[in-house]
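A.B. asks: Got a sequence here, can you build the structure:
(one chain, ligands or ions: 1)
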Amino acid sequence: MEEKPMANFKLIKGDITKMKVDAIVNAANTALSGGGGVDGAIHRAAGPQLDEACRKLNGCPTGEAKMTPGFDLPAKYVIHTPGPIWHGGSRNEAQLLRNSYVNSLKRAVENNCRTVAFPSISTGVYDYPLDQAAKIAIGAIKEFDAPLEVTMVCFDEGTFMAYERALDKLA
Ligand code: ADP
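C.D. replies: Predicted coordinates for the structure are as follows:
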């Protein structure tokens, strides 16, 4: 894994299901029904109890965040947040994506988490342009005022490089 350390923010390349942190964030859908991509990987690694717990939550609006235990995952909790589907940028996508990060961090603080790991929300099947998403993600995390250690877990080289570019611009 490659690392780029900062005060309370770290960028790595890896698989979020392997992260031994207080909470990992799931790029969920609004039904919280599990799916492909990182959502599918998290559900497979957490085991069937995660699906049961999610069904009791009655879905989650885009940009909001709801929490469950991590079950068989090394992480204690999973924070589920549906990011926006990219429709070209005129449907409030930027604000909604920012909300996903901020509301996930709020859930983490409310539940006394100290370490949190995020995937790159909305930049897979939901098609959000990677560089724009990276800028929003890093901005939201860096502006969030709480004693949290946040790791951004990028699954592939292209994603890692986009977040590195966004980080360099912010530094
Ligand atoms: P969305 O529907 O929000 O776009 P996706 O799961 O399709 O979510 O993609 C979001 C990001 O998660 C993509 O960069 C994808 O490569 C990445 N991803 C997929 N599996 C994992 C994993 N196990 N750990 C971390 N990131 C992952």
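
A.B. asks: After the helix or strand containing Ala45, which helix or strand is next? Please name it.
C.D. replies: Per DSSP states H and E, Ala45 falls inside helix 37-46. The C-terminal neighbour of helix 37-46 among helices and strands, as given by DSSP H and E, is helix 48-55.

A.B. asks: by contact count, what packs against the helix or strand just after that next one?
C.D. replies: Where DSSP H and E defines the elements, the next helix or strand beyond helix 48-55 is strand 66-69. With contacts taken as 3 or more CB pairs under 8 Å, 6 or more residues apart in numbering; DSSP states H and E, strand 66-69 sits against helix 48-55, strand 77-82. In short, each C-beta sits where N, CA and C put it, glycine included.

A.B. asks: buried stuff in strand 66-69?
C.D. replies: Going by neighbour count (16 or more other CB atoms under 10 Å), the buried part of strand 66-69 is Lys66, Met67, Thr68.

A.B. asks: Also stretch 111-123?
C.D. replies: By neighbour count on 16+ other CB under 10 Å, the buried set for stretch 111-123 is Cys113, Thr115, Val116, Ala117, Phe118, Pro119, Ser120, Ile121, Ser122, Thr123.

A.B. asks: Report the helix or strand with the lowest average pLDDT across the chain.
C.D. replies: Every helix and strand in the chain was compared by mean pLDDT, DSSP states H and E; the lowest is strand 3-5, with a mean of 49.

A.B. asks: touching the ligand at all, the helix or strand that it is followed by?
C.D. replies: For strand 3-5, the succeeding helix or strand toward the C-terminus, using DSSP H and E, is strand 9-13. No. Strand 9-13 lies out of reach of the ligand by CB under 6 Å from any ligand atom, never closer than 9.2 Å.

A.B. asks: Pull out the buried residues from strand 9-13.
C.D. replies: Phe9, Lys10, Leu11, Ile12, Lys13.

A.B. asks: State the mean pLDDT of that strand.
C.D. replies: Strand 9-13 carries an average pLDDT of 96.

A.B. asks: which helices and strands sit right next to that strand?
C.D. replies: Packing partners of strand 9-13 (3+ CB pairs under 8 Å, 6+ apart): strand 3-5, helix 130-143, strand 149-154, helix 157-170.

A.B. asks: Mind checking the ones you listed for the one nearest to Val21?
C.D. replies: Closest of those to Val21 is strand 149-154, at 6.9 Å (criterion: CB to CB).
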